[in-house]
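K.L.:
The sequence and its predicted three-dimensional model are supplied below.
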Amino acid sequence: MSRRFYLFLIVIVSFLQGCQPQPSALKIENPLPVEFGDPYILKASDGNYYMIGTGGVKDGFKMYSSSDLKSWKDEGRIYQGNTSDSWNIANFWAPELYEKDGKFYLLFSADWRENPTNELENFRIGVAVADNPTGPYTDLMDRPIFDPGYPVIDGNLWFEDGKTYLYYSRCCYKNPVESEVADWAREKGMFNEIEESWVYGVQIENDFSGIIGEPKLLLRPPVKMDDQQAEWESRSVTSGEVNRRWTEGSYIIKNDDTYFMMYSANYFGGKNYAVGYATSPSPLGPFKKADNNPVLQKNVEQGGVVTGTGHNSITLAPDGKTMLCVYHGRTSETGDERVVFIDPMEITADGKLVVHGPSTKYDKSSN
């Protein structure tokens with residue numbers, strides 16, 4: 001091989017490497033000093049980042065703001081629930097924040113005041129609105145968006161072609177499901193039944209006043225034990241932790257003509273909480289779960305310190321290009337409280353979604 005041809009090859013290889021997705025140059029020390037579950041970060045039109053999540057205040061939500069994703073300002077309470085005239089009374093969970101037509105909309109789950117049969121879980125999804133990202137937010141309506149007849153949590157919105165889509169998770173509560181995993185648990189004498197949560201999607205009115213059509217089932221735990229997703233999605237059951245299997249915390253994005261829906265499985269309070277994704281050619285499915293699931297999970301088996309990784313959202317780095325996965329987890333250093341992590345993620349040339357995490361300042365190992 002001539003020297004000239006060898007140098008030519010080096011130039012070509014260097015060019016091709018430069019065309020591949022590269023990890024973000026943004027260096028964030030995980031975990032952030034923020035005790036949130038279900039964190040969500042909006043990069044607003046003013047160029048700043050606004051983070052909300054479960055926890056921090058009673059009967060409502062608080063916020064942190066940042067210009068660089070590194071230094072965060074405590075903005076205090078932005079929404080007060082459980083008032084004399086509110087539709088909600090307790091368990092304020094999984095908020096998300098959207099900027100639309102000059103307004104800011106807070107989507108969240110909470111227990112509905114209307115509960116004639118005294119259900120132990122009575123969650124519904126509502127919307128509050130404000131003129132500024134830091135609020136204060138007031139309820140858009142004196143009721144949830146809609147009542148499906150069962151408890152729902154973890155709302156997520158998608159806007160496209162003048163339409164608005166709502167994704168949510170039906171709670172495990174009073175939803176026992178027969179499956180080979182349930183049969184296995186009974187045979188082992190572990191649990192008599194296994195309850196499951198499922199992800200649904202539905203088009204809603206653009207003013208959030210109600211749904212259009214009937215919700216469609218999009219994702220659920222595997223029925224068969226030889227399903228390649230069954231092992232990681234059933235760990236809370238097979239470990240004897242709890243008699244429930246979750247499909248929750250959905251978050252949807254679009255890349256080219258493919259919709260990617262990220263979701264969390266297993267008990268949110270345990271070590272096995274993890275994230276996978278599914279793809280579809282349509283915003284309402286059908287969705288196919290990915291072969292490389294889970295894409296985010298505990299790393300203690302690899303010498304790391306992180307467990308309970310889940311309920312993620314996605315934002316963009318200050319460069320406006322690099323996708324960042326925002327999620328909660330626990331570490332052996334921070335204890336039982338859920339804390340916030342931000343790690344780079346990408347969709348590779350062959351269409352696979354990859355999260356470069358979990359990473360921490362305590363241990364640099366990652367999955």
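P.N.:
Nice, thanks for sending it over. Keep in mind it's a predicted model, so treat the numbers as computed, not measured.
K.L.:
Alpha carbons only: can I get the strand or helix carrying Leu217 in PDB?
P.N.:
Under the criterion of DSSP states H and E, Leu217 resides in strand 211-219. Taking C-alpha atoms only, strand 211-219 is exported to PDB below (Å, rounded to 0.1, in the frame of the first residue of the first chain):
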ATOM      1  CA  ILE A 211     -60.900  13.600  24.200                       C
ATOM      2  CA  ILE A 212     -61.600  12.800  20.600                       C
ATOM      3  CA  GLY A 213     -62.500   9.200  20.000                       C
ATOM      4  CA  GLU A 214     -61.600   6.300  22.200                       C
ATOM      5  CA  PRO A 215     -58.200   5.700  23.900                       C
ATOM      6  CA  LYS A 216     -56.000   3.100  22.200                       C
ATOM      7  CA  LEU A 217     -53.900   0.600  24.100                       C
ATOM      8  CA  LEU A 218     -50.300   1.100  23.000                       C
ATOM      9  CA  LEU A 219     -48.000  -0.700  25.500                       C
END
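K.L.:
all strands of the stretch 1-150 of the chain, in order?
P.N.:
With DSSP state E, counting those that start in this stretch as the criterion, the stretch 1-150 of the chain has strands at 37-43, 49-54, 60-66, 73-80, 88-100, 103-112, 123-130, 138-139.
K.L.:
wait, I meant the stretch 201-350 of the chain
P.N.:
211-219, 244-245, 248-255, 258-265, 274-280, 288-289, 306-316, 323-331, 335-347.
K.L.:
of all the ones you listed, which lies closest to Pro358?
P.N.:
Minimum separation from Pro358 across the strands of the stretch 201-350 of the chain (CB to CB) falls at strand 306-316, 4.2 Å. C-beta coordinates here come from the backbone N, C-alpha and C atoms, glycine included.
K.L.:
Please save the CA atoms from the closest one in CSV.
P.N.:
Backbone C-alpha positions of strand 306-316 (Å, rounded to 0.1, in the frame of the first residue of the first chain) are rendered in CSV as follows:
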residue,chain,number,x,y,z
VAL,A,306,-27.1,3.9,40.8
THR,A,307,-30.4,2.1,41.1
GLY,A,308,-34.1,2.8,40.4
THR,A,309,-33.5,4.7,37.1
GLY,A,310,-36.7,5.7,35.4
HIS,A,311,-39.6,8.0,34.5
ASN,A,312,-37.6,10.1,32.0
SER,A,313,-38.1,13.1,29.8
ILE,A,314,-36.0,14.5,27.0
THR,A,315,-34.6,18.0,26.5
LEU,A,316,-31.9,19.5,24.2
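K.L.:
and it, what's its mean pLDDT?
P.N.:
Averaged over strand 306-316, pLDDT sits at 98.
K.L.:
give me the element Ala182 is part of.
P.N.:
For Ala182, the host element (DSSP H and E) is helix 180-187.
K.L.:
helices or strands next to that helix in the packing?
P.N.:
In terms of contacts (3 or more CB pairs under 8 Å, 6 or more residues apart in numbering; DSSP states H and E), helix 180-187 is packed against helix 235-238.
K.L.:
what distance separates the helix it packs on from the centre of its chain?
P.N.:
Centroid separation between helix 235-238 and its chain, computed with CA atoms, centre = their mean, to the nearest Å, is 20 Å.
K.L.:
now swap in stretch 95-110 and tell me
P.N.:
15 Å.
K.L.:
Could you list the buried residues of that stretch?
P.N.:
Buried residues in stretch 95-110, counted by 16 or more other CB atoms under 10 Å: 95-98, 104-110.
K.L.:
same thing with stretch 52-62?
P.N.:
Buried residues in stretch 52-62, counted by 16+ other CB under 10 Å: 52-56, 59-62.
K.L.:
Could you tell me the end-to-end distance of that stretch?
P.N.:
Start-to-end span of stretch 52-62 (CA to CA, to the nearest Å) is 6 Å.
K.L.:
Equivalent analysis for stretch 117-131, please.
P.N.:
Stretch 117-131 has an end-to-end distance of 37 Å (criterion: CA to CA).
K.L.:
quick one on the thing from earlier: and the buried residues of stretch 52-62, which is closest to Thr247?
P.N.:
Thr247 lies nearest to Thr54 out of the buried residues of stretch 52-62, by CB to CB, at 18.2 Å.
K.L.:
Next up, the contacts around that closest one.
P.N.:
36-38, 92-95, 338 (CB atoms under 8 Å, 6 or more residues apart in numbering).
K.L.:
Return the closest of these with respect to Gln297.
P.N.:
Nearest to Gln297 among these is Arg338, at 15.3 Å by CB to CB.
K.L.:
Who does the strand holding Leu217 pair with, and is each partner parallel or antiparallel?
P.N.:
Strand 211-219 has the following strand partners under DSSP bridges: strand 198-204 (antiparallel).
K.L.:
now the strand it pairs with against strand 248-255, angle please.
P.N.:
Put simply, strand 198-204 runs at 60 degrees to strand 248-255, going by axes from the mean of the first three to the mean of the last three CA atoms, to 10 degrees.
K.L.:
Report the distance from strand 198-204 to the chain centre.
P.N.:
Centroid displacement of strand 198-204 relative to its chain, using CA atoms, centre = their mean, is 15 Å.
K.L.:
go on, stretch 154-166?
P.N.:
Distance, centroid of stretch 154-166 to centroid of chain: 15 Å (CA atoms, centre = their mean).
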